[in-house]
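Novice: Compute the structure for the input listed below.
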Amino acid sequence: MRLTENQRQSIKSAVTRVIGEGTRIWLFGSRVDDSKRGGDIDLLIETETVVPSRVGALCQLEGALVVRLGNRKIDVLLKDARTADTPITLAARKTGVLL
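Specialist: Residues are numbered from 1 along each chain as shown. All right, here's what the predicted structure looks like:
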């Protein structure tokens, strides 16, 4: 996994602050592969609760992540209790790493 401990903690802290406790955070995509270089940060955030405003939560979360991690490409998927699994969420779980 190509994230530092500080980056992992920053992501966890931002997700907890915006989405709440009890989330699962998956890193997937090229950052999981230690042999690669660069690449964006792909995250799947899962919660068993209903997020009232998913768009608002995603905007807040991406803003918090940019502040904490710097101006880099970050892709965030949010799966709450109302959201059905999609091929990308299934693939993220299968190939990703829990933070």
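
Novice: tell me the secondary structure for the residue nearest the centre of the chain?
Specialist: In the chain, the C-alpha closest to the average C-alpha coordinate belongs to residue 43, at a distance of 2.8 Å (CA atoms, centre = their mean). When classified by DSSP: H, G, I helix; E, B strand; the rest coil, residue 43 comes out as strand.

Novice: now the helices: where do they sit in the chain?
Specialist: 5-18, 54-69, 87-95 (DSSP state H).

Novice: among those, which is nearest residue 35?
Specialist: helix 87-95 (14.6 Å; CB to CB). (Each C-beta comes from the backbone N, C-alpha and C, glycine too.)

Novice: helices or strands next to the closest one in the packing?
Specialist: strand 24-28, strand 41-46, strand 74-79 (3 or more CB pairs under 8 Å, 6 or more residues apart in numbering; DSSP states H and E).

Novice: coming back round to it: ok, the residue nearest to the centre of the chain touching residue 11?
Specialist: Yes - applying CB atoms under 8 Å as the test, residue 43 and residue 11 come out as touching, 6.9 Å apart.

Novice: Check the contact lists of the two and give me the overlap.
Specialist: Common contacts of residue 43 and residue 11 (CB atoms under 8 Å, 6 or more residues apart in numbering): residue 25.

Novice: Distance-wise, check residue 39 relative to residue 24.
Specialist: 22 Å (CB to CB, to the nearest Å).

Novice: Find me the pLDDT at the most far-flung residue of the chain relative to its centre, would you?
Specialist: Distance to the chain centre peaks in the chain at residue 35, reaching 21.1 Å (criterion: CA atoms, centre = their mean). On the pLDDT scale, residue 35 is placed at 73.

Novice: For the protein, give me the ranges with low pLDDT.
Specialist: Applying pLDDT under 70 to the chain picks out no residues at all.

Novice: list the contacts for the residue lying closest to residue 23 once chain neighbours are set aside?
Specialist: Using CB to CB, 6 or more residues apart in numbering and skipping the chain neighbours, the partner closest in space to residue 23 is residue 47 (4.8 Å). By CB under 8 Å, 6+ apart, the residues touching residue 47 are 19-20, 22-24, 78-81.
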